[in-house]
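**Q** Sequence plus predicted model, see below.
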Amino acid sequence: MATNRYVGEYPVIGIRPVIDARRGPLQVRQSLEEQTMGMAHAAAKLISENLRYSNGEPVKVIIADTTIGRGAEAAKCADKFKHAGVDITLTVTPCWCYGAETMDMDPMTIKGVWGFNGTERPGAVYLACVLAGYAQKGLPAFGIYGHDVQEADDTSIPCDVQEKILRFARAAVAAATMRGKSYLQIGATCMGIAGSMVNIDFFEEYLGMRVESVDEVELLRRMNEHIYNEDEYQRALAWAKEKCKIGFDKNPEFVRKSEKEMEEAFEFVVKSMVIIKDLYQGNPNLPEGREEEAVGFNAIAGGFQGQRQWTDHFPNTDFAEALLNSSFDWEGAREPFVTATENDSLNGATMLFNKLLTNTAQIFADVRTYWSAEAVKRVTGYELEGKAKEAGGFIHLINSGAACLDACGKAADKDGNPCIKPFWEMTEKDVDECLKATTWCAADNGYFRGGGFSSRFVTEAAMPVTMARLNIVKGVGPVLQLVEGWTVRLPDEVTDTLWKRTDYTWPCTWFTPRVGEGPFKSAYDVMNNWGANHGAISYGHIGADLITLCSILRIPVCMHNVPEDKIFRPACWNAYGMDKEGQDYRACKAYGPMYK
Ligand SMILES: C[C@H](O)[C@@H](O)[C@@H](O)C(=O)CO
Ligand SMILES: [Mn+2]
């Protein structure tokens, strides 16, 4: 297995053009060489032009040196791929080939096969044959076959084939990017939240990740011994003083501290963020003699316990959590750092799935209150409209800390619609609008006796979003649930009235699901079926990508509102029965976690 050991290293996709090996007087192989290699180049172009790694670079795709007609050629290709860091293979062919002789036999690669739908040569027959071989050998592989027959000289990739190739590649890159990287917990169990009781076996066996753990005291050690880069800290502090406006008008009564104490607390929380960034991914610019700290923990996700011991005494880390999850800070627009407040590692892992599939900043939220249309009417006099009315109400998503500031909905797409977008598309205006939409309130002294600051904004836009959560169920293992829906834009006075009833100094998002059957009959049913106190919310309707990613990781999906024709899992899942949900559970159980 090519492991992408270090943050910043990403999985490579290898394209395997397989071909009928027969030469002879009619030159079967020779007659197919151009079409076969042409499919490989077309697939490589499609992927590298449409998919990017989380750092913004195009996904790297390589192609075997020759077409593959026999086992020896397959072995040569495997050797090349192994040395090139290939974790994912896409086999392509327009013709019959010899299944088990040409298949990718590496148990650790994530596999897809595209069989050209043509009649001159039976690409479909190879596809079916090799997928049968994969099923018999216990190697799940995705099968891709276009809906309509193409002419043999048609070098285009039909839309339905493009969609499946990109869905497969996007999910496979997300899965393989996690290999060898760390989840860093800073602190440990938080207020009895089960997700903060980190299940190391889950991260190791299902995600191929390492769990690293540091005590929160590490922040104090690094502050007191000056184990951070002073210039960076000063840059961060100046930027924060200019861009992160503190407001007290939203605070209920609270123990007002002196100007000096507030200033010291602000410096403390900014320094906390500088140090947490260093903990995640190291920093070559630490002071002399700090080579060990400079290495960092190779973390692509992490969690900060915070409550209660830290926040009972020290300023909370909402500032760090909110900005780490955002797509910008004093460095300008940059890749978000997935950070789970309350060290809810399962919500953090879900945020990581969402981020690696979309390359966008994520919202961490309590799934806090279901508001029925009747209750909203009683309390505010407001009649729900649109999608919230259709769903019978909406859900209040709110948690101190880790909602990305991008969730205010002030960034715009190319058509001017509110969105959350990859950091490399964020303009200076987008960043400034998000910062202007956010105030930093003195932390609620009831919850946070140590003080600190909480980011405060409301999602002032109706955007398509997907809320998801990984839950661990004894006897079953990890399961994922997800719901596609929209953020809801309520009239300001309605938002204010409802928000004031709870934590008015925290980030606030109203969410309503796309309604349907079962747990999606209404927003109430979604809330009633939600498996934990938190949700990870991503911009966009990404349920189908999450379903494909979970099938690669052998994590069954227990709840989703994705249309059945968008469900794309390894072909052998069909052997586990006709009911899509039951077959998923049976297949995941049969294959078990990839890294066990
Ligand atoms: C400050 C409070 O304890 C919050 O942290 C609490 O409502 C939670 O977020 C629990 O998930
Ligand atoms: Mn919470």
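**A** Right, received. Where do you want to start? Ligands and ions are numbered 1, 2, ... in the order given.

**Q** Same question for residue 364, what's its three-state structure.
**A** Assigned with DSSP: H, G, I helix; E, B strand; the rest coil, residue 364 falls in the strand class.

**Q** Tell me who's in contact with it.
**A** Residues touching residue 364, when contacts are defined by CB atoms under 8 Å, 6 or more residues apart in numbering, comprise 321, 325, 339-341, 344, 347-348, 351, 399, 401-403, 534, 536-537. For glycine as for every other residue, the C-beta is placed from the backbone atoms N, C-alpha and C.

**Q** if we go to 10 Å?
**A** Counting by CB atoms under 10 Å, 6 or more residues apart in numbering, residue 364 makes contact with 303, 321-322, 325, 338-342, 344, 347-348, 350-351, 397, 399-404, 407, 507, 534-537.

**Q** buried set for stretch 238-257?
**A** Of the residues in stretch 238-257, 239, 240, 243, 244, 250, 251, 254 count as buried by neighbour count, 16 or more other CB atoms under 10 Å.

**Q** Quote the end-to-end distance of it.
**A** Start to finish, the residues bounding stretch 238-257 are 22 Å apart (CA to CA, to the nearest Å).

**Q** Any part of that stretch near ligand 1?
**A** No: applying CB under 6 Å from any ligand atom, one finds stretch 238-257 separated from ligand 1 by no less than 13.6 Å.

**Q** and that stretch, how far out from the chain's middle?
**A** For stretch 238-257, the distance from its own C-alpha centre to the chain's C-alpha centre is 31 Å (CA atoms, centre = their mean, to the nearest Å).

**Q** Start at 16, not 1
**A** All right, first residue 16 from here; so that's stretch 253-272.

**Q** Please give the number of neighbouring residues around residue 134.
**A** When neighbours are defined as other CB atoms under 10 Å, residue 134 has 11 of them.

**Q** Also residue 60?
**A** By the criterion of other CB under 10 Å, residue 60 has 12 neighbours.

**Q** Same check on residue 573?
**A** Neighbour count of residue 573, defined by other CB under 10 Å: 18.

**Q** and it, that one's in a strand?
**A** Yes: checked against three-state DSSP, residue 573 lies within a strand.

**Q** Not counting its neighbours along the chain, what's nearest it?
**A** Computed as CB to CB, 6 or more residues apart in numbering, the closest residue to residue 573 that is not its neighbour in sequence is residue 494, at 4.3 Å.

**Q** Would you enumerate the residues in contact with the one you found?
**A** 484-488, 546, 565, 570-574, 599-600, 603.

**Q** Just after the strand or helix carrying residue 103, pick out the following helix or strand.
**A** Assignment of secondary structure by DSSP states H and E places residue 103 within strand 101-108. Reading on from strand 101-108 to the C-terminus, the next helix or strand found by DSSP H and E is helix 114-117.

**Q** Report the buried residues of that following helix.
**A** Of the residues in helix 114-117, those buried (16+ other CB under 10 Å) are 114, 116, 117.

**Q** what's the neighbour count on the closest residue in space to residue 283 that isn't next to it in sequence?
**A** Using CB to CB, 6+ apart and skipping residues adjacent in sequence, the residue nearest residue 283 is residue 330, 5.0 Å away. Applying the criterion other CB under 10 Å, we find 24 residues in the vicinity of residue 330.

**Q** List the beta-bridge partners for residue 73.
**A** For residue 73, the beta-bridge assignment (DSSP bridges) gives partners residue 67.

**Q** Quick check: it vs residue 362, distance?
**A** Distance check for residue 73 against residue 362: by CB to CB, to the nearest Å, it reads 30 Å.

**Q** Do stretch 522-538 and ligand 1 come into contact?
**A** No: with CB under 6 Å from any ligand atom as the criterion, ligand 1 is not reached by stretch 522-538; the gap is at least 12.0 Å.

**Q** re the thing from before, element containing the residue nearest to residue 573, please.
**A** With DSSP H and E as the criterion, residue 494 is inside strand 492-502.

**Q** which residues are contacting the helix or strand just after that strand?
**A** Past strand 492-502, further along toward the C-terminus, the next helix or strand under DSSP H and E is helix 507-515. Outside of helix 507-515, the residues that reach it under the criterion CB under 10 Å, 6+ apart are 265, 267, 384, 386, 390-391, 394-397, 399, 409, 411, 413, 471, 473-475, 503-506, 519-521, 523, 525.

**Q** Filter these down to just the ones in strands.
**A** Cross-referencing the contacts of helix 507-515 against strands under DSSP state E gives 384, 386, 409, 411, 413, 471, 523, 525.

**Q** ok, the residues you listed vs ligand 2, which is closest?
**A** Checking the ones in strands among the contacts of helix 507-515 against ligand 2 by CB to the ion gives residue 413 as the nearest, at 8.9 Å.

**Q** pretty sure that closest one is touching residue 380, no?
**A** Yes: contact between residue 413 and residue 380 holds when scored by CB atoms under 10 Å: they sit 6.0 Å apart.

**Q** got the CA positions of stretch 173-187 in PDB?
**A** Presented in PDB, the C-alpha positions along stretch 173-187 are these (Å, rounded to 0.1, in the frame of the first residue of the first chain):
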ATOM      1  CA  PRO A 173     -20.500  10.400 -21.900                       C
ATOM      2  CA  CYS A 174     -21.900  12.500 -19.000                       C
ATOM      3  CA  ASP A 175     -23.100   9.500 -17.000                       C
ATOM      4  CA  VAL A 176     -19.700   7.900 -17.200                       C
ATOM      5  CA  GLN A 177     -18.000  11.200 -16.300                       C
ATOM      6  CA  GLU A 178     -20.200  11.500 -13.200                       C
ATOM      7  CA  LYS A 179     -19.300   8.000 -12.000                       C
ATOM      8  CA  ILE A 180     -15.600   8.400 -12.800                       C
ATOM      9  CA  LEU A 181     -15.500  11.700 -10.900                       C
ATOM     10  CA  ARG A 182     -17.600  10.400  -7.900                       C
ATOM     11  CA  PHE A 183     -15.300   7.300  -7.700                       C
ATOM     12  CA  ALA A 184     -12.100   9.400  -7.900                       C
ATOM     13  CA  ARG A 185     -13.300  12.100  -5.500                       C
ATOM     14  CA  ALA A 186     -14.200   9.600  -2.800                       C
ATOM     15  CA  ALA A 187     -11.100   7.500  -3.400                       C
END
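
**Q** and ligand 2, which of the ones in strands among the contacts of helix 507-515 contact it?
**A** Contacts with ligand 2 are made by none of these, judged by CB under 5 Å from the ion.
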